[in-house]
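**Q** What follows is a predicted structure for the sequence shown.
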Amino acid sequence: MTDLPKLGRPAASALAHAGIASLEGLAKLTRNQFLALHGVGPKSLPIIEAAMAEAGLDFAQK
């Protein structure tokens, strides 16, 4: 089971391809690294940021 929020198919596939199956795994990436994943677009960012904030997580700084 994953704690990732529901995203569009391209973004969900991009995370799966990168081996990211949780918000904790996503927190290891910087915001720019997340946005650079093929299939992730600007619509995914607020959804991910809200889910991470709710879990007390944020993107890595470097």
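**A** Now that the structure is in, tell me what you want to look at. Remember, predicted model here, so these are calculated numbers, not experimental data.
**Q** Averaged pLDDT, the helix ranked longest in the chain. What do you get?
**A** Criterion DSSP state H: the longest helix present in the chain is helix 44-54. For helix 44-54, mean pLDDT rounds to 96.
**Q** got a list of what Ala21 touches?
**A** Residues near Ala21 by C-beta atoms under 8 Å, 6 or more residues apart in numbering: Thr2, Leu4, Leu15. Placement of C-beta: from N, CA and C, glycine included.
**Q** Also Leu4?
**A** Leu4 touches Ala12, Leu15, Ile20, Ala21, Ser22, Leu23, Leu26, Ile48, Ala51, counting by C-beta under 8 Å, 6+ apart.
**Q** Just the buried residues of these.
**A** Ala12, Leu15, Ile20, Leu23, Leu26, Ile48, Ala51 (16 or more other C-beta atoms under 10 Å).
**Q** So what touches the helix or strand hosting the second one?
**A** In this structure, Leu15 sits in helix 9-17 according to DSSP states H and E. The set of residues that contact helix 9-17 without belonging to it, under C-beta under 8 Å, 6+ apart, is Leu4, Lys6, Leu7, Ala21, Leu26, Leu37, His38, Gly39, Val40, Gly41, Ser44.
**Q** Please consider this matter closed, and thank you.
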